[in-house]
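A.B. asks: Sequence and predicted structure, then a few things I'm wondering about:
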Amino acid sequence: MIWPFGRKRRKEEPEEGKEEHTATLTVPDDVRSIQEAIASAPEGATVVVRPGRYRGDVDFSGKNLKVRSNDPRDPQTVARTIIEGDGDGTVVAFVRGEGEGSELAGFTITGGHARVGGPGEGGGITVRGHARPVIENNVIEGNRSDLDGGGIYIDDAAPAVLRNQIRDNAADGCGGGIHVGRDSVRSSGYQVEPAFRERMGQFLDRSMPRTVQITASEDDSEHAFRDEAAGDIQQEREKEERPRPVLEGNTIQGNRALWGGGLFVSDEAPRVDGNAFRANSAGRGGGVCIWDNSRAVLLQNMLIQNEAEEEGGAVIVEWGASPVLLANRITGTRSRRGALSVATNSAPIIRNNVFSDNEGVEGDVLHLWKSNLAVLQDNQFAGDR
């Protein structure tokens, strides 16, 4: 199966002249800690971790290893196999170009705190530097970041994040649950926060919002135009050779941030498919914030009971982003303005989504800023107040 944006989900073949290792190390039977097992394991090996609480951070160190609990598909095993950070940095790191052969599966990951003065991003898991691991069937909870990515921080990398529970994480900046970006600029929180707030305030003051409720158009020529626009964007994406992140089948719940309580995407084009965003909160973009030239695809997600203090209780599209939102369900949202908010110069395609029982103080369903370029087709609205 060929995944979107050039990513192939397949078993990696060993390079010519290299033997593929199938060694298995067991923690704590063979070695005492997960990090010791990674250090001693040959490339391609599997590290099996028995239930227990393992304190200290884990770095995959550039190796393609499978690190798994006894049974990654058993919730009780996952709950009892805990990697607990020391409260000073990320808990699990993929930062040295690990490939698709690297895997983290079946753990509870907690206790991470990415602090100002250190990397500042990625409380639970950090994925950087073109790494492409599989992160599957984990519980990622109770982590925080002084900047971005309370649960998972992805920067210029293309992991497959599959069927995880990402809950009760927090970021003082963007992406309480997950932050996906490219070539992020690091600086201290004392430098970032005031500048960020000032820039956003100036931008919002200039934008002159207007709130409307839009239903599907019945004009055939308009439909044809929208179909053509959607096709052009998809063809452009298919031409790209650079792999993109995949977020699929995750439950992203109870996370919070300044922007993008559940998910924040900036200047990146992940496929976000079949996830449940539930009860996340933020100043803007309670469920999802799509930002700065991002071309994310949101397909068949559930966005339930997310909340924003200002715009975009479920989703906000900002700063020239052009995502595709297709066949999502947005329900039970609370915000000041809009379950879905689209800012000036942003150009999302919003098609076949269902909006129901959303509530806003100043307009409820769609909040469109002046000069937005949104394309809307065949959306359904029911019970919004």
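C.D. replies: Perfect, I can see it now.

A.B. asks: For the rest of this, base every contact and every neighbour count on C-alpha atoms.
C.D. replies: Fine.

A.B. asks: Can you list the low-confidence ranges for the stretch 101-250 of the chain?
C.D. replies: Filtered on pLDDT under 70, the stretch 101-250 of the chain yields the residue ranges 119-120, 183-242.

A.B. asks: Just the strands from it, written as ranges.
C.D. replies: Counting by DSSP state E, counting those that start in this stretch, the stretch 101-250 of the chain has strands at residues 103-105, 108-110, 113-114, 125-128, 134-136, 139-141, 144-145, 152-155, 160-162, 165-167, 170-171, 178-181, 209-212, 246-248.

A.B. asks: wait, which of those strands is closest to residue 263?
C.D. replies: Set against residue 263 and scored by CA to CA, the strands of the stretch 101-250 of the chain come closest in strand 178-181, at 4.8 Å.

A.B. asks: What helices and strands are in contact with the closest one?
C.D. replies: Packing partners of strand 178-181 (3 or more CA pairs under 8 Å, 6 or more residues apart in numbering; DSSP states H and E): strand 152-155, strand 263-266.

A.B. asks: Give me the contact list for it.
C.D. replies: 148-156, 262-268, 270 (CA atoms under 8 Å, 6 or more residues apart in numbering).

A.B. asks: Grab the CA positions of that strand and hand them over as CSV.
C.D. replies: Taking C-alpha atoms only, strand 178-181 is exported to CSV below (Å, rounded to 0.1, in the frame of the first residue of the first chain):
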residue,chain,number,x,y,z
ILE,A,178,0.5,17.2,19.0
HIS,A,179,2.6,19.9,17.2
VAL,A,180,3.5,19.3,13.6
GLY,A,181,5.9,21.8,12.0
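
A.B. asks: Neighbouring strands - and their directions - for it?
C.D. replies: Strand pairing for strand 178-181, using DSSP bridges, gives strand 152-155 (parallel), strand 263-266 (parallel).

A.B. asks: Could you dump those strands into CSV with distance to residue 30 added?
C.D. replies: Compiled in CSV, the strands paired with strand 178-181 are given as follows (distance: least, CA to CA, whole Å):
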stretch, distance to residue 30
strand 152-155, 30
strand 263-266, 38
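
A.B. asks: now the ones you listed as JSON lines including mean neighbour count and distance to residue 244?
C.D. replies: As requested, these are exported to JSON lines (neighbours: other CA atoms under 10 Å; distance: least, CA to CA, whole Å):
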{"stretch": "strand 152-155", "mean neighbour count": "28", "distance to residue 244": "11"}
{"stretch": "strand 263-266", "mean neighbour count": "28", "distance to residue 244": "12"}
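
A.B. asks: mind checking how far stretch 367-378 is from the chain centre?
C.D. replies: Averaging C-alpha positions (CA atoms, centre = their mean, to the nearest Å) puts stretch 367-378 24 Å from its chain's average.

A.B. asks: and what of stretch 265-283?
C.D. replies: Stretch 265-283 sits 5 Å away from the centroid of its parent chain (CA atoms, centre = their mean).

A.B. asks: and if you look at stretch 246-262?
C.D. replies: Using CA atoms, centre = their mean, the offset of stretch 246-262 from its chain centre is 6 Å.

A.B. asks: Please apply the same query to stretch 279-290.
C.D. replies: Mean-position distance between stretch 279-290 and its chain equals 12 Å (CA atoms, centre = their mean).

A.B. asks: For it, list the C-alpha coordinates in CSV.
C.D. replies: The C-alpha trace of stretch 279-290 is given here as CSV (Å, rounded to 0.1, in the frame of the first residue of the first chain):
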residue,chain,number,x,y,z
ALA,A,279,-12.7,17.9,24.8
ASN,A,280,-9.5,19.8,23.9
SER,A,281,-9.2,23.5,24.7
ALA,A,282,-7.2,26.5,23.6
GLY,A,283,-7.4,30.3,23.2
ARG,A,284,-7.9,29.7,19.5
GLY,A,285,-8.4,26.4,17.7
GLY,A,286,-9.7,24.3,20.5
GLY,A,287,-9.4,21.0,18.5
VAL,A,288,-7.1,21.9,15.7
CYS,A,289,-5.1,25.0,14.5
ILE,A,290,-3.8,24.9,10.9
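
A.B. asks: Quick one: residues in contact with it.
C.D. replies: Residues from elsewhere that reach stretch 279-290 (CA under 8 Å, 6+ apart): 252-266, 277-278, 296, 303-318, 321, 323.

A.B. asks: which of these are buried?
C.D. replies: For those, a neighbour count by 16 or more other CA atoms under 10 Å gives the buried set as 252-266, 277-278, 296, 303-318, 321, 323.

A.B. asks: between the strands of the stretch 101-250 of the chain, which one is nearest to residue 59?
C.D. replies: Per CA to CA, nearest to residue 59 of those: strand 125-128, 9.6 Å.

A.B. asks: Lovely, talk soon.
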